[in-house]
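**Student:** Show me the folded form of this:
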Amino acid sequence: MRGGQIVVAGQWFPSSQLCSECGYKMAEMLLKVRRWQCPCCPTPSMM
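**Tutor:** Here you go, the predicted structure:
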């Protein structure tokens, strides 16, 4: 590995709803949403 980290997440863990920068969790999203803007920081989050 190149200094990376492997994390095992449960099948129903809402990883696509979490901001990769600050950890903010979106309350609700439609299944068709693939990109969203975090309301807490300027990071565009993607699945």
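
**Student:** What is the burial count for Pro39?
**Tutor:** The local packing of Pro39 (other Cβ atoms under 10 Å) involves 8 other residues. For every residue, glycine as well, the C-beta is placed using N, CA and C.

**Student:** Contact partners for the closest residue to it other than its chain neighbours?
**Tutor:** What sits nearest to Pro39 in space, not counting adjacent residues and going by Cβ to Cβ, 6 or more residues apart in numbering, is Tyr24, at 7.0 Å. Tyr24 makes contacts with Leu18, Cys38, Pro39, Cys40, Cys41, as judged by Cβ atoms under 8 Å, 6 or more residues apart in numbering.

**Student:** In those residues, which residue is surrounded by the most others?
**Tutor:** Counting neighbours by other Cβ under 10 Å, the top entry in these is Cys38, with 17 neighbours.

**Student:** Quick check: that residue vs Gly4, distance?
**Tutor:** Distance of Cys38 to Gly4, given as Cβ to Cβ, to the nearest Å: 23 Å.

**Student:** and if you look at Leu18?
**Tutor:** From Leu18 to Gly4 the distance is 18 Å (Cβ to Cβ).

**Student:** Check Ala27 too.
**Tutor:** Ala27 is 30 Å from Gly4, by Cβ to Cβ.

**Student:** which stretches of this protein aren't confidently modelled?
**Tutor:** 1, 45-47 (pLDDT under 70).

**Student:** excluding its backbone neighbours, what's nearest the residue nearest the centre of it?
**Tutor:** When Cα atoms, centre = their mean is applied to the chain, the residue found nearest the centroid is Leu18 (3.1 Å). Nearest non-adjacent residue to Leu18, counting by Cβ to Cβ, 6+ apart: Lys25, 5.4 Å away.
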